[in-house]
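Engineer: predicted model, plus sequence, below.
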Amino acid sequence: MSDNQTSLTPNTREIDITKKTVKMQVSATDKIISTIIYILFSLFAFICVYPFYSIIINTISANDLSAKGEIIFWPKGIHFQNYVDVFKIPGLGNAFVISLGRTVIGTLLTVGASAFLGFMFAQEDMWGKKFWYRFTIITMFFNAGIIPWYLTMRTLHLTDNFLAYILPSVVAPFFIILVKTFVEATPKELQQAASIDGAGIFTIFYKVILPISKPILATVAIFSAVNQWNAFQDTLLLVTDSKLYSLQFILYNYINQASSLSTMVNLQNAGSTAMATLATKQTSTSIRMTVTIIVVAPILLVYPIFQRFFVKGIIIGAVKG
Amino acid sequence: MVLLAVFAYYPLYGWVYAFFDYTPPIPLSQSEFVGFKWFHSLVENQVKIDQLMQVIWNTFGISGLGILFSWLPMIFAIFLTEIKAVRFRKFIQTVTTLPNFISWVLVYSLAFSMFSSEGMVNGFLHMTGLSDKPVLFLQSSDHVWLTMWFWATWKTLGWSAILYIAAIMGIDESLYEAAHVDGATRMQVIRHVVLPSMMPTYFVLLMLQIASFLNNGLEQYFVFQNAFNKDTIQVLDLYVYNLAMGGGSYSVSVAISMLKSLISVVLLFSVNGLSKMLRGEGIV
C-alpha cells in the first residue's frame, strides 16, 4: 500500500482538487450546494463542541447562576473554588489513581501482546496459524453474554480485584489485526536478512519488527488507553469495594446523588473558612460538572495531539480489514 | 492464547447455568438440574410474554433506527471531502470525531447538564420566555428510541465517516477525469463516480451491523435508563443485566443471553452467506 492511501489529505490530491475547480464550471446550483454543506457541517461541529464548552464555562461561573441554567455562552462571576472543593471529596483521589493505574498498566500489556501476536500472525510458517487466527478473530463477533462472563470472572476470583481491569483486555483481536496488517506491509527482506544473520524469532521481533512498528503501536496504545480510561462496565459488574472504583464509576454515582455531596462539601467549608458566598457555594450541579471536567480533561488534552495519528492508524487497518 | 481461552471461551461454559436452578451462593454442583425449565418460563404466561415482547420490540426499534440511517456516515464523508477549504475540512473532522473518545458516562453527564430540568437548555428556554415549565427531556418515555439514536449518532458519526473518507481517497483518479471530460456537474460526479465506489464499503458495514442486530450493548442504555423511560429503553442487553443484577435471576438471564448469542451467530452467518452470494466475497 502506498503512503498516499493511508494519509487523509495527501498533498498530491490537494493540488489535483484545486486544478479541478479551475477546470470545472462553477454553476449557481454548485454554489448553493456548497453553502448548504458549509452550514450543515458548521452546525454539526457546533453540536459536537458546545456541550464541552458549556460545561467548562459553567464550572468556572458563579454556582447560583449556573444552577439556574443561566450560563449559556459566556462565563459570569468567574471563580475556581469548584475545583479546589471537589478535590477535597474523599475517594476521588483514590479513584483517580485507580483509573490512571489501569490505564498505564493495561495499555502497556495490551500493546505488548498485540505487537507480539500481530507479529506472529504475520509469519508465513507459524504453527497452526490459520486455526489460531480464526480462534482469535471469532471472539470479535461472538461472545457468551455479560452474565456468563460475570459468573466466569467470579469463579476466577476476579471480582473486587484490580486484575479484573487488566487481564480481560490484554488480548484484543482488533489491535492484533492492525499490527498484523502493518507487519505484512513491511518488506519481507528485512526479516529474511536478520534470519540469515542467525537471529531467532524473538530477536527478529525485538530488534527488527518493534522499531519499525512504532506508528501502529502508538495507535494501538492510544486506543487502548482511551478504552481503559473510559471503561465503566467492568467496575459496574465486578466491583463492590469502593477502593477500586474508577473515576467513570464515581462520576456516574455523582450524577445520580450529587445533592448529598454538595451538602457535605459545604459543611466542610463552613467549618474551616468563612461562610461561602452564594456564588461559590457548592450545588449538585457544580459538583457534577466539575467532576465531569476532571474525568474528560485527559482526553480533551491528548486528543488534539493524537487525532491525526489514529485517523491514519484506523485507515491502515481498514484498507485490509 | 490462554487469556483468550479463559476470557472469551470459558464463559461459554457459563451457559450451563441456564439449565440449573441456580441461586447464589449455593454452588452449581448442589443446584438442581432443571433442563429447559427457564426457557419455558420465559413464555409461560402472558405477562412475561408481553414483557419480553416489549424488550424485543425496543431492541428492534433502536437497532432498526440505526440501520435505517446507516448511510449517514457515508453521506457525511462524501460531502466532507467536497469541501475545498482544507483548514475548515480538517477542523470539522477533528471536532466531529471527538465525541467518539468519551465514555457513555460522560455523554450522559453532558446530556444531563444540557437537558435535565435545571440544565442549560431549560434555563435558556426559561430566560427567553419560550417555556415556563421545564421540559423533561430525559425523564420522558416518549421518543426514547429517537433520543438514543441521536446520542449514538452524535458520538459516532464523525468517526464512522473515516472509513468512507479512506475509501474516497482510494478512488481512481481517472474516473474523475473521465467524468469531467463528459461534462458532469458536481452532483453528477457524486452520483455516478463517488457513490458507486462507496457501495462495497457500505455493504460490508451494513452486513456487520445487521449481524449484530441484537447486540445494542449495555452501557448507553444503562446510563440513560431511569424509572420513567424504563419500559421503552430496555433492550435485550439491559434487560438481561437488570434481571440478573437487579432481580438475582441468573439462570433466566443466562438463558436469554444464550439464545441471543445463538441468534447472533445465525444472523452473522446468514448475512455472510448473503454477502457471498451477492458480491462474491464474505465478511468473516
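Structural biologist: Happy to help now that I have it. Given the structure is predicted, the values throughout are model-derived calculations rather than measurements. Numbering: from 1, shown residues only, chains lettered A, B, ... in the order given.
Engineer: residue 246: neighbouring residues, count only.
Structural biologist: Went with chain A since none was named. Using other CB atoms under 10 Å in any protein chain shown, A:S246 is surrounded by 29 other residues. Just so you know, the C-beta spots here come from the backbone N, C-alpha and C atoms, and that holds for glycine as well.
Engineer: hm, I was asking about chain B
Structural biologist: Using other CB under 10 Å: B:G246 sits among 9 other residues.
Engineer: pretty sure it sits in a strand.
Structural biologist: No: the assignment for B:G246 (DSSP: H, G, I helix; E, B strand; the rest coil) gives helix, which keeps it out of a strand.
Engineer: how close does B:S270 sit to chain A?
Structural biologist: 13 Å (CB to the nearest CB, to the nearest Å).
Engineer: buried residues of stretch B:182-194, list them for me.
Structural biologist: For stretch B:182-194, burial by neighbour count (16 or more other CB atoms under 10 Å in any protein chain shown) applies to B:A184, B:R186, B:V189, B:I190, B:V193, B:V194.
Engineer: nearest to chain A, of those?
Structural biologist: Nearest to chain A, judged by CB to the nearest CB, of these is B:R186 at 5.4 Å.
Engineer: returning to that earlier point: distance to chain A, pLDDT and secondary structure added to the buried residues of stretch B:182-194, as CSV?
Structural biologist: Formatted as CSV, the buried residues of stretch B:182-194 follow (distance: CB to the nearest CB, whole Å; pLDDT from 0 to 100; DSSP: H, G, I helix; E, B strand; the rest coil):
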residue, distance to chain A, pLDDT, secondary structure
B:A184, 9, 75, coil
B:R186, 5, 75, helix
B:V189, 9, 81, helix
B:I190, 10, 81, helix
B:V193, 12, 81, helix
B:V194, 13, 83, helix
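Engineer: now render those residues as a markdown table, adding distance to B:W149.
Structural biologist: Shown next, in a markdown table, are the buried residues of stretch B:182-194 (distance: CB to CB, whole Å):
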| residue | distance to B:W149 |
| --- | --- |
| B:A184 | 35 |
| B:R186 | 30 |
| B:V189 | 31 |
| B:I190 | 26 |
| B:V193 | 31 |
| B:V194 | 26 |
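Engineer: how about the helices in the stretch 51-200 of chain B?
Structural biologist: Taking DSSP state H, counting those that start in this stretch, the helices of the stretch 51-200 of chain B run over residues B:72-82, B:86-97, B:104-115, B:120-127, B:144-169, B:173-181, B:186-189, B:195-211.
Engineer: can you list the neighbours in contact with the next helix or strand after the last one?
Structural biologist: In other words, helix B:195-211. Proceeding N to C from helix B:195-211, the next assigned helix or strand is helix B:219-224, under DSSP states H and E. Residues outside helix B:219-224 that contact it (CB atoms under 8 Å, 6 or more residues apart in numbering or on different chains): A:232-233, A:236, A:252, B:103-105, B:107-108, B:111, B:138, B:147-148, B:151-152, B:233-235, B:237-238, B:241.
Engineer: list buried residues within those residues.
Structural biologist: A:232-233, A:236, A:252, B:103-105, B:107-108, B:111, B:138, B:147-148, B:151-152, B:233-235, B:237-238, B:241.
Engineer: tell me which of the helices of the stretch 51-200 of chain B lies nearest to A:N161.
Structural biologist: Among the helices of the stretch 51-200 of chain B, the nearest to A:N161 by CB to CB is helix B:104-115 (21.7 Å).
Engineer: for chain B, give me its nearest residue in the stretch 151-300 of chain A.
Structural biologist: A:N230 (3.5 Å).
Engineer: so which elements touch the helix or strand harbouring A:N58?
Structural biologist: Taking DSSP H and E as the criterion, the element that holds A:N58 is helix A:28-59. Packing partners of helix A:28-59 (3 or more CB pairs under 8 Å, 6 or more residues apart in numbering or on different chains; DSSP states H and E): helix A:284-320, helix B:72-82, helix B:86-97, helix B:104-115, helix B:144-169, helix B:186-189.
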